[in-house]
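*Asks:* Provide a 3D model corresponding to the input given below.
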Amino acid sequence: INFDTKSLNAHPFFHLEMCVPAPKMDWETRFRWRDYFNSGGTLFLDACPVSKISGDEKNLYRSWKDWGRMIFPGTGWSPLNRKHALSFSFYLLEKRMLLGREGSPFSILEHDGRVILLHNQSRRWSWHTLKSKPVTAKLNPPNVEIHLRLFINLLMLLFTGDYKQDQLHLPTILLRRR
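*Replies:* Below you'll find the model as predicted:
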């Protein structure tokens, strides 16, 4: 993840599968990532597919959480809860979310009221898993539908900036972004 600031800021959203331990954080890297987040960037740290995993999974994911915490010392990760904009699942899904017995597999790190890091430690809810499942415009199986809505909510939040205040349809948002 060693990018210069110019190329980092060219992309408002990065998706990274956590398949290797987090790299060392030096001062230059820390400030590069701070610049990226302060200019509106978001980083999605996603669960690694089984075929790519190397090492102890729990320590691997913990290393990435520590890495994110080092960018803004004194901040902490919080679990994604039902009241957060990313867990809004539209009227179709009522209030059902991905909270199981273990709680939410997603943690978020916010800075100035905006999600800058999203950490998923469950392969079940990863982007890789969603890509490998058939998705239709008609009703999908419940898990696929919830999974799809989570990623739609993520896009909506990134496009609008304030999903709670600005609940528009995706085509309207895309027109506004041009």
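
*Asks:* before we move on, what SS does residue 117 have?
*Replies:* strand (DSSP: H, G, I helix; E, B strand; the rest coil).

*Asks:* So for it, what's the nearest residue that isn't a sequence neighbour?
*Replies:* In space, and not counting its chain neighbours, residue 117 is closest to residue 109: 4.0 Å by CB to CB, 6 or more residues apart in numbering. The C-beta positions use only the backbone N, C-alpha and C, and glycine is treated the same way.

*Asks:* And residue 30, by the same measure?
*Replies:* Among residues not flanking residue 30 along the chain, residue 71 sits closest, at 5.7 Å (CB to CB, 6+ apart).

*Asks:* check contacts around the one you found.
*Replies:* 25, 30, 33-34, 37, 117 (CB atoms under 8 Å, 6 or more residues apart in numbering).

*Asks:* Pick the one among those residues closest to residue 126.
*Replies:* residue 117 (15.8 Å; CB to CB).

*Asks:* Quick check: the gap between the closest one and residue 130.
*Replies:* Remark: distance between residue 117 and residue 130 (CB to CB, to the nearest Å) = 20 Å.

*Asks:* From the contacts of residue 71, which land in strands?
*Replies:* Of the positions in these, residue 117 sit in strands, assigned by DSSP state E.

*Asks:* Which among the contacts of residue 71 count as buried?
*Replies:* With burial judged by 16 or more other CB atoms under 10 Å, the buried subset of those is 33, 37, 117.

*Asks:* Is it correct that the second one is in contact with residue 115?
*Replies:* No - if you go by CB atoms under 8 Å, residue 37 and residue 115 don't touch, sitting 9.9 Å apart.

*Asks:* circling back: and the residue nearest to residue 117, helix, strand or coil?
*Replies:* Taking three-state DSSP, the label given to residue 109 is strand.

*Asks:* Run a quick neighbour tally on it.
*Replies:* Using other CB atoms under 10 Å, residue 109 has 21 neighbouring residues.
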